[in-house]
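1. I need the structure of the sequence given here:
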Amino acid sequence: MKDYTEFDAAADLNDIIKFLSRRDIQRLTGKALYDGFGISQADLLIILGSSIPYLAELGARAFVDGVAKELMIVGGIGHSTKYLAENIRNNPEYRDIAVENRPEADILKEVVSKNTGLDVNNIIIENRSTNCGENASQALKVLRERAEIPASVIIIQDPTMQLRTHAAFLKTWAGEKTRIISYSPFIPTIKAETGSLKFSDNIYGLWSFDRFIDLVMGEIPRLRDDQEGYGPEGKDFIVHVDIPDNVLEAYYRLQSIYGEYKHIKFRK
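-> Numbering: from 1, shown residues only. The predicted structure follows:
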């Protein structure tokens with residue numbers, strides 16, 4: 001695309017990631033819950049497995065502060081597991097946690113315990129799911145087996161997948177009366193600097209930039225409600241999602257430099 005600069009690309013990426021990083025409350029606090037939903041405490045906080053330990057740390061600290069009555073960690077072995085394992089191995093605080101051939105939920109429960117002192121036996125674990133859809137269905141299965149269907153749930157996911165995870169929970173939990181509340185743990189921002197694109201965020205364990213592009217650009221075709229997408233008119237994994245025109249336009253412009261992401265593909 002003529003005269004499409006790195007500053008334009010940064011602005012377009014920021015428009016897309018802001019859309020993907022769904023937040024139904026502005027802060028992960030009882031006050032924000034009350035202001036937004038009329039409740040001061042959720043029944044359950046679910047941390048979805050990801051490669052970034054910060055997500056589990058943030059969720060666990062909010063739980064300790066009383067934002068939810070119970071804590072659950074969800075995630076088996078999927079496309080993010082090897083990156084989580086690498087981040088754990090390279091972190092002095094967590095490097096003694098065993099990671100080999102372990103599900104994300106089992107790794108993260110130890111991260112949570114080390115970070116907050118929580119007893120791992122008091123954390124509900126689902127460790128078989130391998131994608132967003134299974135996260136929702138397997139979490140519900142575990143809760144049904146416990147005869148504990150919550151009236152309200154806060155879900156915390158990788159920012160690039162927060163919106164799709166929310167849509168998957170709405171689809172899978174449609175028969176329940178549970179209120180699903182999303183809180184993206186942070187909203188990444190991209191800056192153009194010396195001819196390249198970089199993260200503005202200073203969070204340990206962030207994706208490589210190449211993987212970030214893979215995740216972000218891969219979300220739009222998944223979210224689209226057409227034959228190839230995950231909505232009701234396609235694979236029917238998620239509820240219908242309205243994608244704003246500015247987000248679609250940003251996605252199409254970015255294809256001029258990230259052309260290999262025109263179709264859904266496997267995650268790296």
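2. got the domain boundaries for the protein?
-> By the assignment in automatic domain parsing, the chain contains the domains 6-21+193-261, 30-182.
3. what sits against residue 133?
-> Contact partners of residue 133, counting by CB atoms under 8 Å, 6 or more residues apart in numbering, are 168, 171, 172, 237, 238. Quick note: C-beta positions are derived from backbone N, CA and C, even for glycine.
4. For stretch 224-237, measure first residue to last.
-> Distance between the boundary residues of stretch 224-237 (CA to CA, to the nearest Å) amounts to 11 Å.
5. Need the residues that contact that stretch.
-> By CB under 8 Å, 6+ apart, stretch 224-237 touches 132-133, 164, 167-168, 171, 221-223, 238-241, 243, 263-264.
6. Now do the helices in the protein.
-> Ranges of helices in the chain, per DSSP state H, are 6-20, 30-37, 53-64, 81-89, 104-116, 132-145, 162-172, 209-223, 245-254.
7. In JSON lines: the ones you listed, plus distance to residue 202 and mean pLDDT.
-> Compiled in JSON lines, those are given as follows (distance: least, CB to CB, whole Å; pLDDT from 0 to 100):
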{"stretch": "helix 6-20", "distance to residue 202": "16", "mean pLDDT": "97"}
{"stretch": "helix 30-37", "distance to residue 202": "24", "mean pLDDT": "98"}
{"stretch": "helix 53-64", "distance to residue 202": "11", "mean pLDDT": "97"}
{"stretch": "helix 81-89", "distance to residue 202": "15", "mean pLDDT": "97"}
{"stretch": "helix 104-116", "distance to residue 202": "18", "mean pLDDT": "97"}
{"stretch": "helix 132-145", "distance to residue 202": "27", "mean pLDDT": "96"}
{"stretch": "helix 162-172", "distance to residue 202": "20", "mean pLDDT": "98"}
{"stretch": "helix 209-223", "distance to residue 202": "15", "mean pLDDT": "95"}
{"stretch": "helix 245-254", "distance to residue 202": "24", "mean pLDDT": "97"}
